[in-house]
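[1] just a sequence and a predicted model for now, questions to come.
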Amino acid sequence: MEHVAEFEQWYRTHHACVVTSLLLVGGNLDLAVDAVDEAFTRAFARWDRVRKMDSPTGWTYRVALNALRRAQRRAALERRLLARQVPAPDVPAPASGAWDLVRSLPVRQRTAVVLRYVADMTESDIAEAMGITRGTVSSTLADARRRMAESVASETDELESNDV
């Protein structure tokens, strides 16, 4: 029973942030929730081992990210198959300027940015979650920040040239 209470506390502490992070990485709430639920279910089933890891949360993010990727591949295949049969509805993208920049990043950079600035994970935990080295996380975040700064500078230059 002690392990169950420990898991419940850990779940309450981390679940919402993992869902938010995967939503921002993948852009689909249903897929994010399903992936996170799968990851936490696996963590609970293996809690005796998972709780002893250096980063149980990092392990859970990694499982959730893998589940999200599988679901996205499956959803993309379904869309391709459905596109042959039914015309796709025109759905507007959600508004939010800052996250438009993040969404424009390559998946690896976007994932690292979300895990760092939304999930508030350390570079070591991000490395665990993404299955890469801490140095790769650091350079990926630097590349992402540089890319977003260039986009903002480009938009600012464009706005200023239109004002003249």
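    Good, I have the coordinates. Note that the structure is a prediction, hence the values are computed from the model and not measured. Numbering: from 1, shown residues only.

[2] what sits against residue 131?
    residue 62 (CB atoms under 8 Å, 6 or more residues apart in numbering). Yep, even glycine has a C-beta here, placed from its N, CA and C like the rest.

[3] that one and residue 116, how far apart?
    Counting by CB to CB, to the nearest Å, the separation of residue 131 from residue 116 is 16 Å.

[4] quick one: find the helix or strand in the protein with the lowest mean pLDDT.
    helix 97-103 (a mean of 82; mean pLDDT, DSSP states H and E).

[5] how about low-confidence regions in this structure?
    1, 86-96, 159-164 (pLDDT under 70).

[6] convert the C-alpha atoms of stretch 126-143 to PDB, please.
    The C-alpha coordinates for stretch 126-143 follow below in PDB (Å, rounded to 0.1, in the frame of the first residue of the first chain):
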ATOM      1  CA  ILE A 126      15.400  15.800 -20.900                       C
ATOM      2  CA  ALA A 127      18.300  13.700 -22.100                       C
ATOM      3  CA  GLU A 128      16.700  10.700 -20.400                       C
ATOM      4  CA  ALA A 129      13.300  11.400 -21.800                       C
ATOM      5  CA  MET A 130      14.500  11.900 -25.300                       C
ATOM      6  CA  GLY A 131      17.100   9.100 -25.300                       C
ATOM      7  CA  ILE A 132      20.000  11.500 -26.200                       C
ATOM      8  CA  THR A 133      23.000  12.800 -24.300                       C
ATOM      9  CA  ARG A 134      22.900  15.900 -22.100                       C
ATOM     10  CA  GLY A 135      25.300  17.700 -24.500                       C
ATOM     11  CA  THR A 136      23.000  17.000 -27.400                       C
ATOM     12  CA  VAL A 137      20.100  18.500 -25.400                       C
ATOM     13  CA  SER A 138      22.200  21.600 -24.700                       C
ATOM     14  CA  SER A 139      23.100  22.100 -28.300                       C
ATOM     15  CA  THR A 140      19.500  21.300 -29.500                       C
ATOM     16  CA  LEU A 141      18.200  24.000 -27.100                       C
ATOM     17  CA  ALA A 142      20.800  26.500 -28.300                       C
ATOM     18  CA  ASP A 143      19.900  25.800 -31.900                       C
END
